[in-house]
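**Student:** I would like the atomic coordinates for the input below:
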Amino acid sequence: MGKLLIVGTVAFDAIETPFGKTDKILGGAGTYIGLSASHFGVESGLISVVGGDFPQEYLQMLRDKNIDTKGVEIIKEGKTFFWSGKYDYNLDTRETLVTDLNVLADFNPVVSEKFTDCDFLMLGNLHPGVQMSVINQIPKRPKLVVLDTMNFWMDNTLDELLEVIAKVDVITINDEEARQLSGEYSLVKAAQKIHEMGPEYVVIKKGENGALLFNDGEIFFAPALPLEEIFDPTGAGDTFAGGFIGYLASTRDISFNNMKRAVIYGSNLASFCVERFGTERMLNLGQEEIQKRLKQFKQLTQFEIELTH
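**Tutor:** Numbering: from 1, shown residues only. Next comes the predicted model:
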C-alpha cells in the first residue's frame with residue numbers, strides 16, 4: 001500500500017437545500033477526501049488548519065478513521081474556515097451566502113517528516129500558492145500527484161494555478177471549469193488542451209451525469225448511479241477525489257486501466273455522500289454497503305452486444 005498525503009480545508013459548513021437546512025456542521029475538502037480514502041485502509045496524513053473553536057472530537061473522529069492529523073495546525077486564538085451555501089431545486093446550482101476564510105487566510109502548510117516520502121499526494125481545492133508550497137516540500141516526486149481546483153482560482157490566480165497544473169499528473173475539475181480553463185466547449189478538446197498544460201490524466205466531473213477520464217486520446221466514462229435519495233451535494237466532488245486516490249494508493253497501480261476502476265470507486269463513494277447532509281453518511285458507511293453498490297454500478301454499465309462486420 002502507498003502512503004497518502006492529503007492537503008485540504010477542514011471547515012464548518014452551513015447548508016440549505018430544498019430538503020432541509022443545517023446549522024454549522026463539519027465540512028471541508030480535506031475532511032471529505034480523508035473520510036473517503038479511509039475506506040481503502042491506506043496510511044494517510046492530513047495537512048490543514050483550524051481555529052480554537054474547532055471541536056477536538058472531530059479531530060479524534062478523523063484519527064479513529066486512521067487519518068494522521070498531526071499536520072492539522074490549530075490556531076487557538078483564530079476561527080475555523082466557514083462556508084455557507086444554498087442550493088436550488090435541481091441541486092446543480094448553488095449560491096454562496098458566506099465565506100469566512102478566518103485562519104485559512106494565512107495558511108502556511110508544513111509537511112511533516114513522516115510524509116515527505118509520500119507515494120501519493122492529493123492537493124485539495126486551495127489557493128495554488130498553498131498547493132505549490134506543499135509540492136516544494138516533498139524532495140522526491142511522489143508516484144502520483146492529483147490536483148483539484150475551481151473556477152475561483154482561474155478567475156483570480158490563473159498564472160499561479162497554471163504553474164501548479166504543470167507539476168501534477170492528474171487534474172480533477174467539473175465540466176464548466178474545464179471549459180473555462182481550456183477555452184473549448186467540447187470536453188474532448190478541453191481535456192486535450194488541459195493535457196498539454198502538464199497533467200497526463202484529466203478527470204472531468206459532471207455531477208449527477210457521471211465522470212470522464214481522459215488520457216492521451218483514450219476516454220473512459222463512469223455514470224453516476226441514479227439514487228432514490230439526494231439531500232446535499234456538498235462534498236461529493238471531494239469524496240469522489242478521495243475514493244479515486246484512495247483506491248490507487250491501496251493498489252499502487254497507476255495504469256489507465258486501474259484509473260478506470262478508481263473512477264468507479266470514486267463515483268461509488270460520492271453516491272453515498274449526497275444521501276445525507278454533510279459528512280453524516282460517510283461517517284456511518286460500511287464495506288458491505290460499498291460492495292453492494294459497486295455491483296449496482298457494474299449492472300448499470302454491463303451489456304452484451306453482437307457486433308456485425
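**Student:** contacts made by stretch 174-185 with the rest, please.
**Tutor:** By CB atoms under 8 Å, 6 or more residues apart in numbering, the list of residues contacting stretch 174-185 from outside reads 149-151, 154, 173, 187, 189-194, 197, 202, 204-207, 237. In short, each C-beta sits where N, CA and C put it, glycine included.
**Student:** show me where the stretch 201-309 of the chain has helices.
**Tutor:** For the stretch 201-309 of the chain, the helices defined by DSSP state H, counting those that start in this stretch occupy 236-251, 256-273, 280-283, 287-301.
**Student:** if we can go back for a sec, which of the contacts of stretch 174-185 fall within strands?
**Tutor:** The members of the contacts of stretch 174-185 that map onto strands under DSSP state E are 173, 202, 204-205.
**Student:** whichever of these end up buried, select them in ChimeraX.
**Tutor:** The command below creates a ChimeraX selection of those among the ones in strands among the contacts of stretch 174-185 that count as buried (16 or more other CB atoms under 10 Å):
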select :173,202,204,205
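**Student:** before we move on, the earlier item: please indicate which of the contacts of stretch 174-185 are buried?
**Tutor:** For the contacts of stretch 174-185, a neighbour count by 16+ other CB under 10 Å gives the buried set as 149-150, 154, 173, 187, 190-192, 194, 202, 204-207, 237.
**Student:** if we only consider the residues you listed, which is nearest to V274?
**Tutor:** Nearest to V274, judged by CB to CB, of the buried ones among the contacts of stretch 174-185 is G207 at 9.5 Å.
**Student:** in contact with the closest one, which residues?
**Tutor:** The contact partners of G207, by CB under 8 Å, 6+ apart, come to 92, 174, 224, 233, 236.
**Student:** wait, V274 sits on F231?
**Tutor:** Yes: the pair V274 / F231 is scored as a contact, 6.6 Å apart, by CB atoms under 8 Å.
**Student:** what about the stretch 51-200 of the chain, any weak spots by pLDDT?
**Tutor:** Scanning the stretch 51-200 of the chain for pLDDT under 70 picks out nothing.
**Student:** grab the nearest non-local neighbour of the most centrally placed residue in the chain.
**Tutor:** The centroid of the chain falls nearest to D238 when counting by CA atoms, centre = their mean (2.6 Å). Once flanking residues are discounted, D238 sits nearest to Y32: 3.6 Å by CB to CB, 6 or more residues apart in numbering.
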